Structures are given as C-alpha cells and as structure tokens.
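[1] no FASTA, just this:
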C-alpha cells in the first residue's frame, strides 16, 4: 500500500498575546520607557516565546509585549508633535479608542518594530515574524484641517519613507515574515460605504508595497479583521464582499483573513476563491480570540478542511482571527487561554494536513 502523500499546511500567529498582570500593573504605575522596566519586558517576551514553542508553533512572535499602548501607535507613542484628540474608533459595545493627532511636521517614527525583533530573536529557536502598522492607519493622524507649513502631501511622503524603513529593518534583521496590520480596512467601509476611503487606503498601502521587490513581497503579508478589543469589534457587521476585492489588489504575498468568527464562512470563502491570485497565500482564521471557549484540534481540523474546498492546498495556511490583546491594558483573555487556543490551532492544522495527504 502506498504511503499517504506528505502535506504541510503553514500556520502562524497574528501577533499580540495578553501581557502578564504584573507587567500591566508596573507599567500603569510608571512610564513604559523607564529603563527599570526592561527586565520585566524581557521576562514577558521570554515567557511568551517559550509558551509558543511549547505549543509547537513553527513560527513565533514576541507577543507584542513591549508595544505600548497598542498595535497601531507603538511607533509614534510619546511624540512631542501630537495631541491625544485624533481619530476615534468606536466599538460595538460602546467603548472607543483614539489615535493621536499630528499637530505639526515633520512626521517621524519614535521607534521601529525591529527593536522588538531584536529581543525576540535572542530567545527564539524557530522563525520569528514581526507585525507592523499600516501606512493607511497612521494616515488618520493627519487632521482634516491642513497643518500650517506641512501639507498632507509632505506628510504622506514622510509616512511612506518611515514605513519602508521599518519594514526593511525587520526584513534585514531576519524576520521570516513582516505582517502589515490593516484592521482599519473593514472599518473604512463602515465609515464610508461609498468605498472611497477604502480605495484611498488600498492606494496608499500599494505605494508602500511597490517600494519592495517581488522577492521581498513574498515575505510581506497583510492582516485584516473586524477589530478585537475588550471582547468587542468595530466592523464585524461589514460584509467581506465590500472589502476583499480591494484587499486582494494589495501587492503582498500573504493575506491573513479573520474567518473563525464569521457568521457565514462559506460566503467569505466563495469571495476568496473568486478573487484569489496564484501568487498569494491565504492564512484563514481558525481561532476566535474573543470567544472564551477553547477550540479543540478537531474544530480547527474541520475549519481548515472546509477552507481547502475553496483554496488550493499550496496556497492555504491557518492563523488566528486577530491578536489576542492588541491593546496593552486588555485583560479580557488570559495568557493560558490564548496559548491553549494556539495549541489547538497548531495540532488541528497538522491533523487537516494528514487528512488531505491521506486522500491524495
């Protein structure tokens, strides 16, 4: 009897892991830039990577343990030329998060994500990926009123340069993937149903992606989800049909698409199949971070098998719908729950690969 074909389906995390309660408390009492906190951040990263590897994760992140205050503004937090009253993100449960507003030019990052990569790679024994924020999200920092002596065009030039610098630094330091977080994509459709805002975001992000070679773009991915904060979303009511055609116009090699929490997964998979291009890999979400129930490996296996009906196996991967704690102070999910879900994703994806291999 012939041996079953050997099939491998890649699986990757999105990024954030809930921080240890002690670290959250220490940061709340002081300044995240306090050098005295460095050992506590280091311990959190070390523990995060050890847990990832114990779960069998073939790719790890630092869990965004040091990204203060959130996944979107880590690079500009503390800039002197910003004010706190910027673009407001409303969530379905009524709470909001707010971006900083740029008050004058020039626009510069205060820190680049490769600094997080430095720490993670000291502890990891497997490939490390790095998440970065999209240019389109940061573009919301420029106010509706023109800034005196600093045009929006000048701002966009600076923004694209800073983003390119960050991504290149991560690639050059050995990140296996650089994931561009684009959670504002679905929100853009909600804010502007005409699609103009989404199209402007796609165009801006493509200007950034066009600065990289085809080989580099194979290591760059784009993540989309309806948001995840305090067990609430900001745009889950937006039909993926309004987002995915534009999303797939982005010049990236990998797409991480929240799927486990969708009410009609097959509807989403039909859209993916219709717009999928041969040079892209689709990592479908098989874990719902907001759901307190811990998925079983069999749950994950079935979701991956379902996705394989629509996506060619050589273009299929699995992931989590979102990061587990994109905002630093979010304690709605525990670290233990997050890693139990990750273990299920890793094992369930392998089980799906075994099933597919046995069929061939």
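    All right, it came through fine. It should be emphasised that the depicted structure is a prediction, and the values quoted were computed from it without experimental measurement.
[2] Check which residues of stretch 114-122 are buried.
    Using 16 or more other CB atoms under 10 Å as the test for burial, stretch 114-122 gives 114, 116, 117, 119, 120, 121. In short, each C-beta sits where N, CA and C put it, glycine included.
[3] Isn't the first one up against residue 165?
    No - here residue 114 does not reach residue 165: they are 9.4 Å apart, not a contact under CB atoms under 8 Å.
[4] so how many other residues sit close to residue 276?
    Around residue 276 there are 18 other residues, counting by other CB atoms under 10 Å.
[5] Pull the distance from stretch 239-247 to the chain's centre.
    Between the centre of stretch 239-247 and the centre of its chain there are 17 Å (CA atoms, centre = their mean, to the nearest Å).
[6] and for it, what are the contacting residues?
    Here stretch 239-247 makes contact (CB atoms under 8 Å, 6 or more residues apart in numbering) with 182, 185-186, 189, 193, 195, 198-199, 202, 222, 224, 255, 257, 262, 267-268, 271-272, 275.
[7] Now do the contacts for the most centrally placed residue in the chain.
    By CA atoms, centre = their mean, the chain has its centre lying nearest to residue 181, at 4.2 Å. Contacts for residue 181 (CB under 8 Å, 6+ apart) come out as 15, 71, 72, 131, 132, 133, 134, 137, 223.
[8] swap the cut-off to 6 Å and go again
    When contacts are counted by CB atoms under 6 Å, 6 or more residues apart in numbering, residue 181 touches 71, 131, 133, 223.
[9] Export these to TSV and append columns for pLDDT, distance to residue 149 and secondary structure.
    Shown next, in TSV, are those (pLDDT from 0 to 100; distance: CB to CB, whole Å; DSSP: H, G, I helix; E, B strand; the rest coil):
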residue	pLDDT	distance to residue 149	secondary structure
71	93	31	coil
131	98	34	strand
133	98	26	strand
223	98	35	strand
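[10] Among these, which one lies nearest to residue 10?
    residue 223 (14.8 Å; CB to CB).
[11] The closest one against residue 256, yeah?
    Yes - here residue 223 reaches residue 256: they are 4.0 Å apart, a contact under CB atoms under 6 Å.
[12] Comparing the two, which residue is more hemmed in?
    The residue with more neighbours, out of residue 223 and residue 256, is residue 256; 32 against 28, by other CB under 10 Å.
[13] Can I take it that that one is in a strand?
    Yes - the assignment for residue 256 by DSSP: H, G, I helix; E, B strand; the rest coil puts it in a strand.
[14] got a list of what it touches?
    Residue 256 touches 221, 223, 283, 319, counting by CB under 6 Å, 6+ apart.
[15] mind running it again at 7 Å?
    Contacts here follow CB atoms under 7 Å, 6 or more residues apart in numbering; on that basis residue 256 touches 14, 179, 221, 223, 283, 319.
[16] thought the fifth one was touching residue 13?
    Going back to what we said before, that points to residue 283. No - assessed by CB atoms under 7 Å, residue 283 is found out of contact with residue 13, at 10.0 Å.
[17] coming back round to it: where does the residue nearest to the centre of the chain sit relative to residue 201, distance-wise?
    From residue 181 across to residue 201, the span is 12 Å (CB to CB, to the nearest Å).
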